[in-house]
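Engineer: prediction below, plus the sequence it came from.
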Amino acid sequence: MSAPVPLAPMPANTVAPAGPTLAFDAELKEYSAQPGEKSAPFVFSLTNISPAEIVITNTHASCGCTVAKLPSTPWNIPPGGSGQIQVTVDLVGKFGTVTKTVTLNTSVGPRLLSCRIIIPTSTTQMTDAQRQSNAALATGDRQAVFRGACAT
């Protein structure tokens, strides 16, 4: 087994920010999807409240169904500058409460944004008449109810 590799010391001129450097309208946003909706849109607004320029170099989503769009890549935000990050979450095949995240890689360290989506089940309720009709079909042929529009 090899010895652990020591971490490189931080350069002497590196100073961690004393306080918040990016102010967001929210770092967690929620969305209630409607039945049949295919995607959930989110917009995160931010402002650089530090005295120095901040650069957002890129984003990393928690999975492939989540896409974040920056105004430019890299995105240079001057002191006092502001803008928006658009995030879209694909809802196809999902139901229940889902949380997805986007990590912003910035010149002052990573920042995490979260999107929580409440997705209704996509199944429709069967009426009593439909249930009785399917039961009658199944009496003669057990597989009959699975042909045609079964998936809907």
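Structural biologist: Yep, it's here.
Engineer: point out where this structure drops to low pLDDT.
Structural biologist: 1-19, 122-126, 143-152 (pLDDT under 70).
Engineer: helices along that one, start to end?
Structural biologist: 128-140 (DSSP state H).
Engineer: is the spatially most central residue of it bridged to anything, and to what?
Structural biologist: The centre of the chain sits closest to K100, judged by CA atoms, centre = their mean, with a distance of 3.7 Å. Beta bridges link K100 to C115, judged by DSSP bridges.
Engineer: residues contacting it?
Structural biologist: A61, S62, C63, C65, T66, V89, S114, C115, I117 (CB atoms under 8 Å, 6 or more residues apart in numbering). Where C-beta positions appear, they are placed from N, C-alpha and C, glycine not excepted.
Engineer: just the residues you listed: which are in strands?
Structural biologist: Applying DSSP state E to the contacts of K100, the entries found in strands are A61, T66, V89, S114, C115, I117.
Engineer: I'd like the distance between A68 and P35.
Structural biologist: 26 Å (CB to CB, to the nearest Å).
Engineer: return the members of the contacts of K100 classed as buried.
Structural biologist: With neighbours counted by 16 or more other CB atoms under 10 Å, the contacts of K100 contain buried members at A61, C65, T66, V89, S114, C115, I117.
Engineer: quick one on the thing from earlier: quick check: the residue nearest to the centre of the chain vs T47, distance?
Structural biologist: Counting by CB to CB - K100 and T47 are separated by 24 Å.
Engineer: what's the answer for Q130, then?
Structural biologist: From Q130 over to T47 the distance is 54 Å, taken as CB to CB.
Engineer: looking at the two, which is more packed in?
Structural biologist: T47 (15 against 12; other CB atoms under 10 Å).
Engineer: now the strands for the chain?
Structural biologist: Using DSSP E, strands in the chain cover 22-24, 28-32, 39-48, 54-61, 66-69, 75-77, 82-90, 96-106, 111-119.
Engineer: could you dump those into TSV with distance to L137 added?
Structural biologist: Shown next, in TSV, are these (distance: least, CB to CB, whole Å):
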stretch	distance to L137
strand 22-24	55
strand 28-32	37
strand 39-48	36
strand 54-61	45
strand 66-69	42
strand 75-77	59
strand 82-90	36
strand 96-106	32
strand 111-119	31
